Structures are given as C-alpha cells and as structure tokens.
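[1] Here is a sequence together with a model predicted from it:
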Amino acid sequence: MDILKKLTRKSRIKSPWLLHFDCGSCNGCDIEVLACLTPVYDIERFGIINVGNPKHADLLLVTGTVNHRNKKVLVNLAEQMPEPKIVVALGSCGLSGGVFREAYNVIGGVDKIIPVDVYVPGCPPKPEAIIDGVVTGLEKFSKKKDG
Amino acid sequence: MFDMTPNILRNFFHKSSTRLYPKETRQAFGNARGELYNEIEACIFCRTCARKCPSQCITVDTKEATWQCDPFVCVYCGVCVENCPKKCLHQKNDYRKPVTDKEIIFMKGETKKKKCEGDPQET
Amino acid sequence: MARTIIPFGPQHQVFPEPIHLKLVLEDEIVKEVVPALGYVHRGLEMLADVRDFHQMIQICERVCGICSTIHAQCYCQGIEELMGIEIPDRARFLRVIWAEIHRVQSHLLWLGLFADAFGFESLFMQCWKIREKIMDINEATGGNRVNPSINIIGGVKRDMNPDMAQWVLTQLDLVEKEVNHLEKVLLNDYTVKKRTVGKGVLTREKAMELGAVGPTLRGSGVEQDIRQIGYAAYGELAHRPVVGIDGDAYSRNRVRFLETLQAIALVREAVSKLPAGDISVKVKGKPEGEVVTRVEQPRGELMYYIKGNGGKNLDRLRIRTPTFANIPPLLSMLPGIELADVPVIVLSIDPCISCTER
Amino acid sequence: MKEVISTTKGTVVSKTVDMKKDGYRFVTMSCVELDADTVDILYHFDRDLHLKHLRLTIQKKEAVPSVSLVYFAAFLVENEIQDQFGIRFDGLVLDYERTLYLEKEAPDAPYCRISVSRDVKSGED
C-alpha cells in the first residue's frame, strides 16, 4: 500500500491537474490562464490538465476579488478537492482586492476565505508568471503531508 | 468535411509556436510595465505617487522619510511613474515573481533638509 | 411530462466566468430559463466616490479584461465631452488603432471559445495561437498584455512611432493570413454548420424589441453599429457594418469572423492616415453636468452615463455593457432547444459576465 | 444629453409605449441620487443611432410603475435599481426581490450614499 501511495503522490506532483475558478475577476486573469493552456504557452507539456471537476484537481487557481455571493462557491470547491491541495491566488484582485478593494461588495483577497499557498502578483499576471506560480506551488505541494 | 485538415498539416510543417518558457526566457518588450521600484536616494517624499495611484497602494511618510508600496495591491498601471516629479520611480520590464508569503516593499531614505521638503515643483 | 430543473454553472467548463442558469427541461428540451447573476458583482460604479475622475480611468479599464481599452476610451470620451475638450487628431486615430487591435483580439478569443463550446478543440487552439500575436502587439505598444492603459483624459498616453506602426502592420498581416486560413473552417465546415445553423434563432423584430446590441443585433439583419456615429476617428474611415441574415448562431459567428478582418483593415487604414501632431492636450478644470456617451465594443454598444458636480469626484457613473443588453435576447433564444445546445447558444452572444455585473 | 423629456409617475408607462410604437429600442435606465429623498430615473431610448431620454424624478419611498411589460429587456435593469437604490418597481415581470446582485451580508441599498433608506414593504418579515 505504501508503494502505491508514494506512486500516486509522485504522479500528482509530476502531472498536477488544475481547476480554475473565477471568483469575480475582470476576465483578464482568466484569459491569461486559458492562454497558458493554448499552444503558445502550452502548460500541458508539463502534464498539467485543466479539469472541470474539483474532485479530480490538485491545484486550485483562483482569480478575482471575492464577493459575498461567490465565497460560498469558493469554499465549496476548495472543500471538495482531495488533500493535499494547493491554492494559487492570481492577480492583484485575488491577492488583496486590487483597485476594487474599497467597493462595497468586495471582500478583498482569496486568503480571507481559504488559505492560499502561492501569490502571483500582476494585473493580470503574464502567462510566464502563472507558470512560475504553478511551479512554486508544486514545490510546496511536495512538502505537504498527505491528508 | 476536412476543412481543418490543411491547417493541421500546415502546423506540422511549421516551426512550433510554443514558447518553451522555463527553458528559454523571452526578452520582455522595452515598453512593458513590470515590477515597480524606487530610487530612494533621489526621492523627496512628496506623496505625488501616493495621491495619484488609482489603487492607493503607496504610503509615504514625509517626516519619517519612508516609502511603502504594497506590491499585491499595485495594478502596474504606471501612473505613479509618469507623475513622479523627481523621476525616481521606475518600472522594470520584468514581472514580479510569485511568492508564498505576503510582503510589503518598505524603503527608508534620509530626511531631506529644508530646501526641498514637501515641494514637488522645486528641483 | 416530468419537469427537470438543471442548474448550469456557476462553475462550468464552458464558461471562463461564473454565471448560473436555472434550466427547466422537459425531456431534453429547454422550456424555461432563469438566470442568476451576482457572482462577479463588485460595485465599481460606486468607487467614483472615493477615487477622483482621473483615477477612474484605470478602474473603468478593469471593468472587463477583454475590452479594457475600449472601456477606458468610452469613459475618457464622456469626460472630454463634459469638459469640452477637443483632443488632437493624432490621438483620435491612435484611439481607433488600439480599439481595433483590441477588437481583433476579442473576436479571436470568442471564435476560439465558441469552437470549444461545440467541442472543436483544434480550432480553439488555432484561434488562440493567432491571438497571441495581438497580445504581443498590446504588450509592445501599450506595456501590458491585457490592460494597455493608453487612454487618458485629453488624448492618449503613448505615441506610436513609424517603426512601431510598421511592425504592428507586419504582425497584423501575419494575423490576417492565418485568419484567412480559418475562413473555410468557420464558415463552411460540416461540424460547425451542424452545430450552429438554425440554432438559437433571434428574428429581426425580436432583436429590436429585446434591445439586442452588437453582433447579436447585426446577426439578425439590423445594420446598426455605434461606429457609424463617427466618434473618435471612425467618421474619417471607410466602415460599413457587417450584417447577417438568419439571426442564428451561425450568422453571429459569421458576423464576428468578418468583423475580425474588417478591424484589421481599419487598423491599416488608420495607420496610413495617421496625422502628425500632439497626442494629448492639457486638462484643466473639473467635469460638470451630465452626459451619455456610447462606443462600439467587440460585444456591442457600450453606454456610459456620467454626471459630474464640478468636484474631483463624479456624482454618478453608470455603465451599461453590451452583455447586459444581450441577456434578455438570450433568454428568448433558449426555450425550445436541446440541452446539448445550451452552451453553444449561450456563447453565441459572447457573454462577458464581469462586464454585465461590474 | 440633448433630448430629455420629463415625465411623471402616471405617464411614464404610456410614454414608453409611445416610444415603442415609434420604433425606439430600449437602451437602458439610469438611476441618480439627487438628495436625501429624491432620485432621478432616466430611461434611454435609441432609434437609428439617435438617443432620446425620459426623466422621472421621484421620492425614494415611492414605488415606480415598471416598464418591463412594455420592454421585456427592462426587467434586468429595474431589478438592478431595486438592489442598488432600494426603490421598488411595481409589476415586474421577473422580480428577484432585491437579490439580483447582493447577498444578505452586503450593505443595503449601497448606492444611496446620502441617507440609507429602505423601502419597507407592507408586512415584510
């Protein structure tokens, strides 16, 4: 069993599956995440696949200022992901609320709702920065204990 | 029926369009707006940047001669750089690297003598 | 027949953004649709209270990441009208150039996502591959891939020197060549036609009544495009709206495809006519009074209502985005179609939820 | 804004019907707070790229007759105004009951900055 567990773990690091959720961003970060998946940046060459089901995902990419309505969805998605998991917050909005910090329906930052492992600054971050962020996340992932 | 096939074949015979990012890093464009930094020696702590910033990420204390910027709030719009009277604010062409912990850029300069304190117009 | 209610979204593979649709089905046929919004609502119109009217440019730009330049352009245009500022000719042409580059980017993005909605993965990848060239243009000329931030009140921030303009044109030539290769696929391919022809029909009358805008309206045969007003430099450029006939998903697809080519042609014309001179004028004073200003976004008519009170903060900033106007037509398109076609129809209006909810 | 026609609560629906007969397309509505008690509601219409506006000045506590039966497209923006200003619209085709954008945690009628007034529906829970 131990070998099997180790193998699963290793494969999760070598080929992490990614779930992307837009938590109220302006779309800029989302299209950059999508741009990462398309030919020019093509993160699938690292074995990273974009999945729609949180139960299959190892990495959660969250973009955007969190608001009162979608925070429930965010918590729900994060809870459904198997442990260990990595949460990457993208863009100024995801980190702190960015320019919208003072708006009335903005909570401001993903880390106010769920724990965040990697912060990727930028408005929006370039695809290169997103790749860096995912790689930094995976380093952290390999150190995390099994849940 | 096979209208996409010529495109796919063409892609086979062309150079791959993928940028092999971690292996080859692309030179950023000269105009690109990236990481913000301050040449603190030249800064006169006039607070123009803090006032003009649309996301209010810069805090300046004139008395203590400190300049603070929260890079996680900054939207990299470059308004502060354009408005700096001393031209001591700059943006690198490269983006800021992802980190695992939040940080704040904190800079402390020397308190300027009376001659240019608080007056951005004076050079 | 038993009725089933299927929740569609907020987190769904087809949409990059969260929108929730409650679909009431009978068998496989959609009978009724109730949209639930609010997943992206930020309330940024209220930020006019805490930010001055210059800072609002950057905020307006971030209403939507796909059409950011055009939002900022519309806002600046409104404030200029309030303050009675005439911007230099060169700035007017430069605004057109950046806006049209943005349109190409947005339409290519949409063509890709649309292909993805009916499972044509390779077409999606191809469109997005072409789009990266436009993103490079944005970065090289404006400084950022998505939010170039070039509009300021009184003109534009950055100039385009002849070398740069030439480089932009050569890049656009490459883009045009590649887009032309896709013409046969997007307009003739069996798969594309099978999934789009006759789906989500919006008749001309219905489109007018429900207040559709942009390619959704033009796809139904109405020749209306805000660029015809001739704001910025559009009055001096040859431009005729692209119009579809059938009002189905295919017709909207065709309109957007042809508009992509038209936008490239407009950039070329604007560069050739680019006058010399200043790129901005100095702005003095504060906006006072109220104004309604409109521009054509990739998704349709964008309307800003601005009310200033002579102070540095605006009294009211109201943004009516094209997707907001296109949601009622969408609700009328959906009933009567099969569940499997819902993503295709929803995407055919080019939904931009962050615009809609602001 | 050149062509602005003032209306009252009684005539707004009939004027909208006239607009529809004339072939105008409904663009949108804007709500502007004037002072603590009154707001302006502007109805924007467009025909062949030509804009026309109706202006309705009302008390915040009053209910406004909805035009969503005339122009279906108005239901979204009327719900939005209900959310943001707390003004009630009578006869909405689809009433979200002030939950279109805002959850309970969010501030009530956030766009009324001068005084937050909540329209108390008779017998509300």
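    Perfect, thanks for sending it. What you see is a predicted model, and the numbers here were worked out from it, not measured in a lab. Residues are numbered from 1 along each chain as shown, chains lettered A, B, ... in the order given.
[2] Look up phi and psi at residue 50.
    Let's take chain A. phi -80, psi 120 (degrees, to the nearest 10).
[3] Hmm, no, I was thinking of chain D.
    phi -110, psi 130.
[4] cool, C:Pro35 as well?
    Taking degrees, to the nearest 10 as the convention, C:Pro35 sits at phi -80, psi 150.
[5] ok, it touching C:Pro18?
    No: C:Pro35 lies out of contact with C:Pro18 (CB atoms under 8 Å); the separation is 11.8 Å. No exception for glycine: its C-beta is placed from N, CA and C like everyone else's.
[6] Settle it for me: which of those two has more neighbours?
    The neighbour count for C:Pro35 versus C:Pro18, taken as other CB atoms under 10 Å in any protein chain shown, is higher for C:Pro18 (26 against 21).
[7] pLDDT at the residue nearest to the spatial centre of chain C, what is it?
    Ranked by distance to the mean C-alpha position of chain C (CA atoms, centre = their mean), the top residue is C:Pro298 at 2.6 Å. Looking at C:Pro298, its pLDDT reads 87.
[8] State the distance from it to chain D.
    C:Pro298 sits at a distance of 18 Å from chain D (criterion: CB to the nearest CB, to the nearest Å).
[9] now swap in C:Gly285 and tell me
    With CB to the nearest CB as the criterion, C:Gly285 and chain D are 19 Å apart.
[10] Am I right that that residue is in a strand?
    No: looking at C:Gly285 with DSSP: H, G, I helix; E, B strand; the rest coil, it is coil, so not inside a strand.
[11] Spatially, which residue comes closest to B:Thr111, not counting chain neighbours?
    Nearest-residue entry for B:Thr111: B:Ala65, 4.4 Å, with adjacent residues in sequence omitted and distances by CB to CB, 6 or more residues apart in numbering or on different chains.
[12] got it, and B:Asp101?
    B:Asp101's closest residue in space is A:Tyr119 (CB to CB, 6+ apart), at 7.8 Å.
[13] Return the set of residues that bridge with the one you found.
    Beta-bridge partners of A:Tyr119, counted by DSSP bridges, are A:Ala89, B:Val99.
[14] can you pull the contacts of it?
    Residues in contact with A:Tyr119 (CB atoms under 8 Å, 6 or more residues apart in numbering or on different chains) are A:89, A:95, A:133, B:72, B:98-102.
[15] is it true that the residue nearest to the centre of chain C touches C:Trp110?
    Yes: contact between C:Pro298 and C:Trp110 holds when scored by CB under 8 Å: they sit 7.5 Å apart.
[16] shared neighbours of these two, anything?
    What both C:Pro298 and C:Trp110 touch, as defined by CB under 8 Å, 6+ apart, is the set C:Asp350.
[17] Identify each of the strands in chain D and give its residue range.
    D:4-7, D:25-33, D:38-47, D:50-59, D:63-65, D:88-90 (DSSP state E).
[18] Tell me which of those strands sits most buried.
    Here the criterion is mean neighbour count by mean count of other CB atoms under 10 Å in any protein chain shown, and of the strands of chain D the winner is strand D:25-33, at a mean of 24.
[19] would you say C:Ser354 is within a helix?
    Yes: under three-state DSSP, C:Ser354 falls within a helix.
[20] tell me, how many neighbours does it end up with?
    Count around C:Ser354 with other CB under 10 Å applied: 30.
[21] Please tell me how far it sits from A:Cys23.
    Computed as CB to CB, to the nearest Å, the C:Ser354 to A:Cys23 distance reads 11 Å.
[22] separation between the closest residue to C:Pro10 other than its chain neighbours and A:Lys71?
    Leaving aside its chain neighbours, C:Pro10 sits nearest to C:Pro18 (3.5 Å; criterion: CB to CB, 6+ apart). For C:Pro18, the distance to A:Lys71 equals 12 Å [CB to CB].
[23] how about the helices of chain B, start to end?
    Along chain B, the segments classed as helices by DSSP state H run B:5-13, B:48-52, B:79-83.
[24] Flag every buried residue along the helix or strand bottoming out on mean pLDDT in chain B.
    For chain B, using mean pLDDT, DSSP states H and E, the weakest element among its helices and strands is strand B:105-108, scoring a mean of 79. The neighbour-count check on strand B:105-108 (16 or more other CB atoms under 10 Å in any protein chain shown) flags B:Ile105 as buried.
[25] That strand - which strands sit beside it in the sheet, and in what orientation?
    Applying DSSP bridges, you get strand B:66-69 (antiparallel) as the partners of strand B:105-108.
[26] Can you name the residues that contact the residue nearest the centre of chain A?
    Among the residues of chain A, the one closest to the centroid is A:Leu61, at 1.7 Å (CA atoms, centre = their mean). Applying CB under 8 Å, 6+ apart, we find A:Leu61 in contact with A:18-21, A:33, A:88, A:90, A:130, A:134.
[27] For the nearest residue to it once chain neighbours are set aside, give me phi and psi.
    Once flanking residues are discounted, A:Leu61 sits nearest to A:His20: 4.6 Å by CB to CB, 6+ apart. The phi and psi values for A:His20, taken as degrees, to the nearest 10, are phi -110, psi 130.
[28] go on, the one 10 residues further on?
    Taking degrees, to the nearest 10, you get phi -70, psi -40 for the backbone angles of A:Asp30.
[29] Point me to the helix or strand that includes the one residue in the stretch 201-350 of chain C that gets nearest to chain B.
    Closest to chain B within the stretch 201-350 of chain C is C:Lys312: 11.0 Å, counting by CB to the nearest CB. Secondary structure from DSSP states H and E places C:Lys312 outside every helix and strand.
[30] Now do it: how many residues are near it, please.
    A count of neighbours around C:Lys312, defined by other CB under 10 Å, yields 13.
[31] Look at it and report its pLDDT.
    So, for C:Lys312, pLDDT stands at 81.
[32] Which secondary structure state does the closest residue to it other than its chain neighbours sit in?
    Nearest non-adjacent residue to C:Lys312, counting by CB to CB, 6+ apart: C:Asp52, 4.1 Å away. Put simply, C:Asp52 is coil when judged by three-state DSSP.
[33] who in the stretch 1-150 of chain C is up against chain B?
    Residues of the stretch 1-150 of chain C lying close to chain B (CB under 8 Å from any CB of the partner chain) are C:51, C:54-59, C:62, C:120, C:122-123, C:126, C:129, C:132, C:136, C:139-144, C:147, C:149.
[34] Need the residues touching each of C:Pro18 and A:Lys71.
    With CB under 8 Å, 6+ apart, C:Pro18 and A:Lys71 have common neighbours A:Cys23.
[35] What is the burial count for the closest residue to C:Glu357 other than its chain neighbours?
    Distance criterion CB to CB, 6+ apart; nearest residue to C:Glu357, sequence neighbours excluded, is C:His41 at 4.2 Å. Using other CB under 10 Å, C:His41 has 29 neighbouring residues.
[36] For C:His41, which three-state class applies?
    Strictly by three-state DSSP, C:His41 counts as coil.
[37] where's it relative to C:Gly311, distance?
    27 Å.
[38] mind showing which ranges of chain A have poor pLDDT?
    Scanning chain A for pLDDT under 70 picks out A:1, A:145-147.
[39] cool, chain B as well?
    B:1, B:112-123.
[40] if we go to 50?
    B:114-123 (pLDDT under 50).
[41] need the strands for chain C, in chain order.
    Assigned by DSSP E, the strands in chain C fall at C:3-8, C:20-26, C:29-36, C:151-152, C:155-156, C:288-297, C:300-309, C:314-320.
[42] How about the residue nearest in space to the middle of chain D: what's its closest non-neighbour residue?
    Closest to where the C-alpha atoms of chain D average out (CA atoms, centre = their mean) is D:Glu78, at 4.9 Å. Spatially, and ignoring its direct neighbours in sequence, D:Glu78 is nearest to D:Phe89 (4.6 Å; CB to CB, 6+ apart).
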